[in-house]
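# Sequence and predicted structure are below.
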Protein chains: 2
Amino acid sequence: MIATVTVERSGRAKPPLRSRQQRRTGATRLKLVEAARAVFAERGLDLTTIDDITERADVGKGTFYYHFKSKEGLIREMMKGVLEELVAAMHKRCEGIDDLPTLLDSLIGAHIEFFAARWEDFVLCFQGRADLQLQEGYRGLETPFIDYLKAIEELVDGSIKRHLSDRDLRRIACAVAGFVSGYYSFAVISTQGEDVDDVLRSLRGALVAGLTRFIKEAVSAEDKDGSARIVW
Amino acid sequence: MIATVTVERSGRAKPPLRSRQQRRTGATRLKLVEAARAVFAERGLDLTTIDDITERADVGKGTFYYHFKSKEGLIREMMKGVLEELVAAMHKRCEGIDDLPTLLDSLIGAHIEFFAARWEDFVLCFQGRADLQLQEGYRGLETPFIDYLKAIEELVDGSIKRHLSDRDLRRIACAVAGFVSGYYSFAVISTQGEDVDDVLRSLRGALVAGLTRFIKEAVSAEDKDGSARIVW
DNA sequence: GTCGTTTTCGACTATATCGTCAAAAACGAC
DNA sequence: GTCGTTTTTGACGATATAGTCGAAAACGAC
């Protein structure tokens, strides 16, 4: 506890992992996370054991418990991480877009591009969502998902002049998020050969058109006096 | 093995569970299935133990193994059963409809109505789908899901004159099935108070409109000469 | 009632997993 | 090199679960 505090060097924005020890520790932790990601996609969240993870990562079992409190803690951290990355990708992809249909399309596009190269992360998220429906699931998984939905809501909200109610906004977000993951989840079990992403790409126009209409109707319904001009 | 073969009575389509013994056995089996349904929705497929099920059903552990080979066998049977019921509900709901938008709407409606009163079955199906994505999941779960997709395809195919390719048909099916379950799965974690079904009901118009457009485009693309009149 | 069959039971064995902990190894500062 | 700290290790005890099996109960036919 005497803590040889390696002082944060001023003038160095991101000191590349300071000491050798810190580098090694970080690497071990990363090895564990990546091993878990792989095993989770093979056996699923529940059936994966700590031994599975440590063996895959090629570290001792105790090491896992040094870095994480439990499997639940690891899952929480991973889920949060992936969804935050997804949100970041969405923001980047939708930057500067204020046209609603284009935004919706970009939103779906961001999902496709994000998960295309990260199948394991898609499985992770899907498993997490399945878990959320259970009465006795892992704790603390709701927050990352709700933050993710909120991010979608904000993007949509930013692209319409007249604002929708929170309720309708949430509906849109659920529709976008649900459609992408739902479509994916069925496509992978039935699509032979052809690229799932290409297929989804061709369908997203359908959802965009539908949602745009829905939003248009919702706005005019909420905005009864009709005085404000809605700009799409 | 001497088997007192109780001959199938002719003239009696469904002899109401013949002997007392058969009635009792059937009841026990049913108790197990219903107990499993409840526990699965609480703890999930993987974390549910045989003891959980037998305790809930209030039968001895050995009884489970008398009726089912394993938990996997039970899951397979339940999944098949639920999806077949869903397909039946779809057929009933869509009977006689040959107008495409109406059919798509009824299809979604059938899902909503089906799962509205059967939350546990929705969870069961969702868990099953999550499992399908794993490399080492339960065996034999693909078939019921594929049959279910096929049923959607046939209904859609029956409502359009010019036929779509198998590929496009499958896409539609995935989109319908994926949207409904995807939307649901997000809505339940974020919708407070208001009825999830009502919400989905209001959104389905969006998907129907989008899909109708998609199908229309797909048909005209496949049917290049354009000689055949497409009747919606 | 008897007898043979089907069904149910729960104790039991074997195995798997969790989470702990004392010891060892790696490290950093000197 | 020494010394104190951080990190890693794997054996260990406690617990939980799967699946088996012999015995018992329920049943049906008589």
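Now that the structure is in, tell me what you want to look at.
# When you work out contacts or count neighbours from here on, use the C-alpha atoms and nothing else.
Will do.
# Point to the residue nearest the middle of chain A.
residue A:83 (2.5 Å; CA atoms, centre = their mean).
# Secondary structure element for it, which one?
helix A:71-94 (DSSP states H and E).
# How far does that helix sit from its chain's centre?
Remark: helix A:71-94 is offset 5 Å from the chain centroid, using CA atoms, centre = their mean, to the nearest Å.
# ok so, going back, could I get the contacting residues of the residue nearest to the centre of chain A?
Contact partners of residue A:83, counting by CA atoms under 8 Å, 6 or more residues apart in numbering or on different chains, are A:144-145, A:148.
# Quick one: buried ones out of those residues?
A:144-145, A:148 (16 or more other CA atoms under 10 Å in any protein chain shown).
# Any part of the longest helix along chain A near chain B?
Assignment by DSSP state H gives helix A:196-222 as the longest helix of chain A. Yes: using CA under 8 Å from any CA of the partner chain, helix A:196-222 comes into contact with chain B via A:199, A:203, A:205-214.
# how about the helices of chain A, start to end?
A:20-43, A:50-57, A:61-67, A:71-94, A:100-116, A:119-132, A:142-158, A:166-190, A:196-222.
# Please name the nearest non-neighbouring residue to residue A:115.
What sits nearest to residue A:115 in space, not counting adjacent residues and going by CA to CA, 6 or more residues apart in numbering or on different chains, is residue A:122, at 6.0 Å.
# What does the pLDDT read for that neighbour?
Per-residue confidence (pLDDT) for residue A:122: 97.
# now residue A:4
36.
# Check the one 5 residues further on too.
As summarised for this prediction, residue A:9 has a pLDDT of 35.
# One more: the one 3 residues further on?
Confidence per residue is given as pLDDT, and for residue A:12 that number is 35.
# Mind pulling the model confidence for the single nearest residue of chain A relative to DNA strand C?
Using CA to the nearest atom of the strand, the single residue of chain A nearest to DNA strand C is residue A:20, 3.2 Å away. Listed pLDDT for residue A:20 reads 90.
# And it, how far from residue B:38?
52 Å (CA to CA, to the nearest Å).
# neighbour count winner among the two?
More crowded of residue A:20 and residue B:38, by other CA atoms under 10 Å in any protein chain shown: residue B:38, with 18 against 9.
# list the contacts for the more buried one?
Per CA under 8 Å, 6+ apart, neighbours of residue B:38: residue B:120.
# Reformat the helices of chain A as CSV; add distance to residue B:133.
CSV is the format used below for the helices of chain A (distance: least, CA to CA, whole Å):
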stretch, distance to residue B:133
helix A:20-43, 8
helix A:50-57, 19
helix A:61-67, 26
helix A:71-94, 17
helix A:100-116, 14
helix A:119-132, 7
helix A:142-158, 20
helix A:166-190, 7
helix A:196-222, 14
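# Among these, which comes closest to residue B:34?
Counting by CA to CA, residue B:34 lies closest to helix A:119-132 out of the helices of chain A; the figure is 20.2 Å.
# Can you mark which positions in the helix or strand of chain A with the lowest mean pLDDT are buried?
When each helix and strand of chain A is scored by mean pLDDT, DSSP states H and E, helix A:196-222 comes last, with a mean of 82. Within helix A:196-222, the residues that qualify as buried are A:196-197, A:199-201, A:203-216, A:218-220, counting by 16+ other CA under 10 Å.
# Repeat that for stretch A:157-172.
Neighbour-count burial for stretch A:157-172 [16+ other CA under 10 Å]: A:157-160, A:162-164, A:168-172.
# Near chain B, list only the ones from those.
Counting by CA under 8 Å from any CA, the members of these near chain B are A:170-171.
# what comes up buried for stretch A:49-58?
Buried-residue list, stretch A:49-58, by 16+ other CA under 10 Å: A:49-50, A:52-54, A:56-57.
# Any chance you could list what contacts that stretch?
A:31-32, A:34-36, A:39, A:60-61, A:63-64, A:71.
# Name the residues of chain A found near DNA strand C, please.
Along chain A, the residues adjacent to DNA strand C under the rule CA under 7 Å from any atom of the strand are A:4, A:6, A:19-22, A:24, A:48-51, A:61-62, A:65, A:70-71.
# from the residues you listed, which is closest to DNA strand D?
residue A:62 (3.0 Å).
# what about that closest one, how many residues close to it?
Residue A:62: 12 neighbours (other CA under 10 Å).
# Model confidence for it, exactly?
For residue A:62, the predicted pLDDT is 98.
# measure it to residue A:49 for me?
In terms of CA to CA, residue A:62 sits 13 Å off from residue A:49.
# ditto for residue A:90
Taking CA to CA, one finds residue A:90 at 33 Å from residue A:49.
# ok, now residue A:100?
From residue A:100 to residue A:49 the distance is 45 Å (CA to CA).
# Same check on residue A:175?
In terms of CA to CA, residue A:175 sits 34 Å off from residue A:49.
# Pass me the low-pLDDT residue ranges in chain A, would you?
For chain A, the stretches with pLDDT under 70 are A:1-17, A:191-194, A:223-232.
# domain parsing for it?
Domains of chain A are assigned by automatic domain parsing as A:18-68, A:71-222.
# now, of those domains, which is deepest in the fold?
Counting by mean count of other CA atoms under 10 Å in any protein chain shown, domain A:71-222 has the highest mean neighbour count of the domains of chain A, with a mean of 19.
# Can you confirm whether that one lies near DNA strand D?
No: on the criterion CA under 7 Å from any atom of the strand, domain A:71-222 is out of touch with DNA strand D, staying 13.0 Å away.
# swap in stretch A:61-68?
Yes: residues of stretch A:61-68 contacting DNA strand D under CA under 7 Å from any atom of the strand: A:61-67.
# Now residue A:161: phi and psi?
phi -70, psi -60 (degrees, to the nearest 10).
# distance of it from chain B?
21 Å (CA to the nearest CA, to the nearest Å).
# next one: residue A:49
Residue A:49 is 12 Å from chain B, by CA to the nearest CA.
# Now do the same contact list for residue A:80.
Residue A:80 touches A:141, A:144, counting by CA under 8 Å, 6+ apart.
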